[in-house]
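**Student:** Sequence first, predicted coordinates after that:
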Amino acid sequence: TIYMKVKNNDTIRVHYKGTLTDGQMFDSSEGREPLEFQVGTGQVIPGFDSAVIDMEVGEEKEFKIDCDNAYGQRDERLIQQVPTAQLPEGLSPEVGMMLSSTLPNGQQIPVKITEIKESEITIDANHPLAGEDLTFAIKLVEIV
């Protein structure tokens with residue numbers, strides 16, 4: 001039998017479980033189809049892309065990705081105050097609620113309400129995993 005190893009531009013399928021430094025799980029493919037992506041093309045975070053190189057089908061691996069190779073450091077400039085008068089009519093803001101914000105170029109980004117005051121709310125456009133070091137346990141299911 002010839003064992004194929006993962007290389008750049010291969011399309012692969014992996015089962016994965018992602019945990020934070022404190023062991024809290026933030027994502028998993030359990031109970032779902034495996035994650036399918038093309039290696040080395042930026043479809044997944046950089047540290048995940050490089051970790052799968054040279055894996056063989058059936059192989060399992062656990063690896064850590066520091067935040068710089070995951071979702072980056074938190075950027076305080078992405079935290080902003082918005083006057084409540086600018087909120088959509090009928091919206092009852094709550095801390096932790098996710099809203100969608102439109103950038104000047106028309107792109108929609110998710111933002112999270114982090115604080116509510118009488119005349120303004122504070123929103124955070126950082127990725128929820130920004131500033132976090134991540135650990136993944138993966139299993140290579142197939143090279144497509």
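**Tutor:** Structure's in. What do you need? Residues are numbered from 1 along each chain as shown.
**Student:** any low-confidence regions in the protein?
**Tutor:** Across the chain, the ranges flagged by pLDDT under 70 are 1-2.
**Student:** Tell me where it has helices.
**Tutor:** Applying DSSP state H to the chain gives helices spanning 46-51.
**Student:** And the strands in the chain, which stretches?
**Tutor:** Ranges of strands within the chain are 11-20, 25-28, 35-38, 60-65, 79-83, 98-102, 108-116, 120-124, 134-143, based on DSSP state E.
**Student:** Nearest to Tyr3, out of these?
**Tutor:** Closest to Tyr3 of those is strand 134-143 (Cβ to Cβ; 10.4 Å). For glycine as for every other residue, the C-beta is placed from the backbone atoms N, C-alpha and C.
**Student:** what does that closest one rub up against?
**Tutor:** For strand 134-143, the external contacting residues (Cβ atoms under 8 Å, 6 or more residues apart in numbering) are 4, 6, 10-21, 26, 34, 47-48, 51-52, 55-65, 67, 70.
**Student:** Adjacent strands (with direction) for it?
**Tutor:** As defined by DSSP bridges, the strand partners of strand 134-143 come to strand 11-20 (antiparallel), strand 60-65 (antiparallel).
**Student:** Tell me who's in contact with Val14.
**Tutor:** 29, 34-35, 52, 138-141.
**Student:** Highest neighbour count among those residues?
**Tutor:** The most neighbours of any of those, using other Cβ atoms under 10 Å, belong to Val52, which has 25 neighbours.
**Student:** Not counting sequence-adjacent ones, nearest residue to that one?
**Tutor:** Using Cβ to Cβ, 6 or more residues apart in numbering and skipping residues adjacent in sequence, the residue nearest Val52 is Val6, 5.1 Å away.
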